[in-house]
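> need a 3D model of the following:
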Amino acid sequence: MSRSAIHLRPMGSASAAASIPWYLSGGISAANCLVAYKAIGAANLAESYINLANPGVNDAVSGAGGDPTFNTATGWAFPAWTRCPKSIVQADGQSIIIRAAQAAGDGDWFLFGGKNFEACIFIGITVTGATFVLRRGYGVTVFGDGNAITAPPADSVYAITPAAVYVNGVKKYSITPTPFVSTATSSYIGQLDGYYFTGTVAAYAVHDITLSDAQVLALSNAMAALP
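Next comes the predicted model:
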């Protein structure tokens, strides 16, 4: 008498894990993701502006001067002095993460930023030579003074939470005070008040909580693996 085998599918299969969106990696709740843009792998510029966390709400929009160049293989490309997409207003309590590749030979650049035109406060990430810094206000360095962080690899994932800054999932600084302040205008991806980034941006996300070290690492790994 022959025997037939019964194959049981295990609970919690790999396919279920694979269905978790990249912007919720590390157990992040969908309720805490404000925006998530994926430019790399998108079919066109319009698709890259869609807020994957809540399509139709807080989608990116064109800046006053137009749009970045779009390429499915690399995402948004920012030649010098290119107007950039606008996103939601930056505010206290947010965690921001971005995957970007700096153009060879570019010196001082901002990956994102927002400006309060009344208080003249703006925040963003910049690399000047071999120094990785975050500025808040005219010439005010919140962290990264000196050569504490050497210039990271060209294609890297950067994250800032109210508590720390990370490069490729590795914590580089603890932050005091919180780096974010509410701004009077929407934030820009690829520039800060006329200081422009030269390179490409593959993905960008904002969460309304302080992400943990483990969440930042998981999210960074997921973004690095896109598309």
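> CA only for contacts and neighbour counts going forward, please
Fine.
> how many residues are close by residue 29?
12 (other C-alpha atoms under 10 Å).
> against residue 54, how distant is it?
To residue 54, residue 29 is 13 Å away according to C-alpha to C-alpha, to the nearest Å.
> before we move on, what about residue 61?
For residue 61 relative to residue 54 (C-alpha to C-alpha), the value is 15 Å.
> before we move on, what about residue 187?
For residue 187, the distance to residue 54 (C-alpha to C-alpha) stands at 18 Å.
> between those two, which has more neighbouring residues?
A direct count of neighbours by other C-alpha under 10 Å for residue 187 and residue 54 places residue 187 higher, at 26 against 15.
> the more buried one contacts residue 112, correct?
Yes. Residue 187 sits in contact with residue 112 when judged by C-alpha atoms under 8 Å, with a separation of 7.0 Å.
> what's the neighbour count on the nearest residue to residue 203 once chain neighbours are set aside?
Nearest residue to residue 203 in three dimensions, chain neighbours excluded: residue 38, at 4.5 Å (C-alpha to C-alpha, 6 or more residues apart in numbering). Residue 38 has 25 neighbours, counted by other C-alpha under 10 Å.
> what sits against residue 38?
48-49, 52, 75, 202-204 (C-alpha atoms under 8 Å, 6 or more residues apart in numbering).
> out of these, flag the one nearest to residue 211.
Within the contacts of residue 38, proximity to residue 211 (C-alpha to C-alpha) peaks at residue 204, which comes in at 14.8 Å.
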